[in-house]
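> prediction below, plus the sequence it came from.
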Amino acid sequence: DPAERMPFFRDRHRDVHLWDWTYTTPNALTIPFKIDVLNAMAKAPFNQVTNYVQVLWKATIVSPENECPSASIIRLGLLYSTSRQVCAAGHWNTGWMRDPQNLDRWEGVKRLHEELWRPLGPTLTNLSHDTPAKIAFLVSHTNELFAAKFRGKWQKFSAYAGWWEAFARAGISVNIVFEEDVAEGKLAGYRALFIPFGEVISKSAHDGITAFAQSGGRVVADSNLGFPVAGVTIMKNSLDHCVYPQWAWRTVRHGRGVNAQERIARMWAATEEVEKIFAQERVDCPTPNVPWLVINQRSFEDIRYVFAVNDKRSAGNQVGQYGVMLEQGEPLTASVTVPRAEHVAAVYDLTDSTRTPFSREGENVTWEAAYAPASAKLFALLPQEIGSLQLTVPETAQTGSPATLSARILDPSGNAVRGVVPLELELRDPQGARSEFSDTFTAKNGAWEKVIRIALNDRPGTWQVTLRERASGQTKTRYFKVLAKPLPPSRD
């Protein structure tokens, strides 16, 4: 748990792939904040980040006793992990979900595997960087170690995550930067710098902030800023209540601190202020029409994909009575607007394999979708509509030998569709048995190929190949003959 318990030193994990687990308190948006921190620390070639969702709510945090988090919160944590650039996502304390009283949690995770990870996993791993950010979000190790008011990493992690959440709910992408980055002049590529809980700072980082401001960069901070910055804008809203334990049961139970409903109200106010102050940067980002929908844009080459998570929640009957958590997912209908989308010809919902209608206003495209509780959708913004799926198989193959299957995804004019499109392959032998080569894949820029090997003991006869692309939902089926390889002559 290093990123949560230790100060934010950029190079403390040099030459290792970062692996971490994170609690989902006070909500699951702590997960993508942590992942952004880890990705900022990671340096190629050691940049394969793995994040686990901690299946535990500790006693006195959200209730008097240790709790297995609700199914909705576990799902949201895993969805947020999947929405970011990670090598792998998983869950910690898994066995607890398989206790009889917690099987709804296990079933919720199984549904994620069936509905999202298995069909879309190969596509997600081919998507690269998140939305390009023009705002730097400073996390300071000097502040962690020497701040007078809010000192210590453990207490302030949820507070940093709170400000990050306000940007995420506004649909504004930020990049985590460390004091080392600021001192090295790496703010030069950003339009703005945001400083949360900046009570103190190292001299070298302060010099870097001053140089950034003098060169025309905008500096915005919350009310905790404790050092001079020329022209700084101070936020009117405060998220100081996000510092632990101000939001925890151990404090709220005594009538102190801030309960879940009040936290949401304050988060909406902070989100609205972030939208106004950073309106110039927001016009370049895909944005939701409601803050309950949390989106992240990914890309394959220059083709954009939008991962949208329904975070709408209410107080349930597990820990909701304590007033600290909104742990029950709720349905949501919401829209997303993507700017500079003049080249987008079609939007596809890859989770439901349907084409999504959209409206166009200037260079912007907007679409609406209905989301189940604690669910997500992955939308592909393709420069061509999908016209046809072509599947090619050999006429014959021989046991013990390779055989090549291939497919093309074409637009109505016969051109290859650019981008990545998920595929589902089902291969069955003459008796209908499913081959181990049945799996999920990804077509890249309209092309896919898979070499399979028919085993020596596979059944000869007519084999069936069914391929489905998960953008428009088209399916093609072909057949080929498998011939038995002649046995070598007997030595007798």
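Structure received. Here the structure is a predicted model, which is why all the values come from computation and not from measurement.
> measure Thr233 to Thr337 for me?
Using Cβ to Cβ, to the nearest Å, Thr233 is found at 25 Å from Thr337. Quick note: C-beta positions are derived from backbone N, CA and C, even for glycine.
> more crowded one of those two?
Taking neighbours as other Cβ atoms under 10 Å, Thr233 and Thr337 compare with Thr337 leading, 18 against 13.
> wasn't the more buried one part of a strand?
Yes: according to DSSP: H, G, I helix; E, B strand; the rest coil, Thr337 belongs to a strand.
> which stretches of this structure form helices?
Assigned helices in the chain, in chain order: 2-5, 30-41, 71-83, 103-112, 118-124, 141-146, 153-169, 179-183, 203-214, 249-252, 260-277, 279-282 (criterion: DSSP state H).
> can you add mean pLDDT, mean neighbour count and distance to Phe441 and give those back as TSV?
Below are the helices of the chain laid out as TSV (pLDDT from 0 to 100; neighbours: other Cβ atoms under 10 Å; distance: least, Cβ to Cβ, whole Å):
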stretch	mean pLDDT	mean neighbour count	distance to Phe441
helix 2-5	53	16	33
helix 30-41	90	25	26
helix 71-83	95	27	18
helix 103-112	94	16	20
helix 118-124	95	19	6
helix 141-146	88	19	43
helix 153-169	89	23	31
helix 179-183	95	20	38
helix 203-214	97	17	45
helix 249-252	94	20	47
helix 260-277	98	18	39
helix 279-282	94	16	36
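> what's the closest of those to Ala471?
Among the helices of the chain, helix 118-124 comes nearest to Ala471, with 9.8 Å by Cβ to Cβ.
> show me what that closest one packs onto, helices and strands only.
With contacts defined as 3 or more Cβ pairs under 8 Å, 6 or more residues apart in numbering; DSSP states H and E, helix 118-124 has these neighbours: strand 376-382, strand 420-428, strand 439-444.
> quick one: the helices of the chain as JSON lines, columns for distance to Lys481 too.
Below are those laid out as JSON lines (distance: least, Cβ to Cβ, whole Å):
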{"stretch": "helix 2-5", "distance to Lys481": "56"}
{"stretch": "helix 30-41", "distance to Lys481": "49"}
{"stretch": "helix 71-83", "distance to Lys481": "41"}
{"stretch": "helix 103-112", "distance to Lys481": "38"}
{"stretch": "helix 118-124", "distance to Lys481": "29"}
{"stretch": "helix 141-146", "distance to Lys481": "66"}
{"stretch": "helix 153-169", "distance to Lys481": "54"}
{"stretch": "helix 179-183", "distance to Lys481": "61"}
{"stretch": "helix 203-214", "distance to Lys481": "68"}
{"stretch": "helix 249-252", "distance to Lys481": "67"}
{"stretch": "helix 260-277", "distance to Lys481": "61"}
{"stretch": "helix 279-282", "distance to Lys481": "59"}
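> where does the prediction get shaky in the chain?
By pLDDT under 70, the weakly predicted segments of the chain are 1-6, 12-13, 152-154, 492.
> ok, now which ones touch the residue positioned nearest the centre of it?
By Cα atoms, centre = their mean, the mean C-alpha position of the chain lies nearest to Ser83, the distance being 1.4 Å. Contacts for Ser83 (Cβ atoms under 8 Å, 6 or more residues apart in numbering) come out as Pro32, Asn296, Phe307, Val309, Ala376.
> possible to save those residues as a markdown table with distance to Glu114?
Formatted as a markdown table, these follow (distance: Cβ to Cβ, whole Å):
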| residue | distance to Glu114 |
| --- | --- |
| Pro32 | 23 |
| Asn296 | 22 |
| Phe307 | 18 |
| Val309 | 18 |
| Ala376 | 14 |
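> name the residues of stretch 223-235 that are buried.
Of all the residues in stretch 223-235, those buried under the rule 16 or more other Cβ atoms under 10 Å are Asn224, Leu225, Phe227, Val229, Val232, Met235.
> can you check stretch 386-393 too?
With burial defined by 16+ other Cβ under 10 Å, the residues of stretch 386-393 counted as buried are Ile386, Leu389, Leu391, Val393.
> closest to Thr287 out of those residues?
For the buried residues of stretch 386-393, the closest approach to Thr287 (Cβ to Cβ) belongs to Ile386, at 26.4 Å.
> residues contacting the closest one?
Ile386 makes contact with Ala346, Tyr348, Ile409, Leu410, Asp411, Val417, Val421, Glu469, Ala471, Ser472, Gln474 under the criterion Cβ under 8 Å, 6+ apart.
> return the subset of those lying in strands.
Ala346, Tyr348, Ile409, Leu410, Val421, Glu469 (DSSP state E).
> and the two most separated of the residues you listed?
Tyr348 and Leu410 (14.9 Å).
> quick check: the gap between the residue nearest to Val182 when sequence neighbours are not counted and Glu114.
Nearest residue to Val182 in three dimensions, chain neighbours excluded: Gly208, at 3.9 Å (Cβ to Cβ, 6 or more residues apart in numbering). Using Cβ to Cβ, Gly208 is found at 48 Å from Glu114.
> ok, now Phe437?
Look at Phe437 and Glu114: by Cβ to Cβ, they are 20 Å apart.
> the two: who's more crowded?
More crowded of Phe437 and Glu114, by other Cβ under 10 Å: Phe437, with 16 against 10.
> contacts only, for the more buried one.
With contact set as Cβ under 8 Å, 6+ apart, Phe437 has these partners: Leu425, Leu427, Lys450, Ile452.
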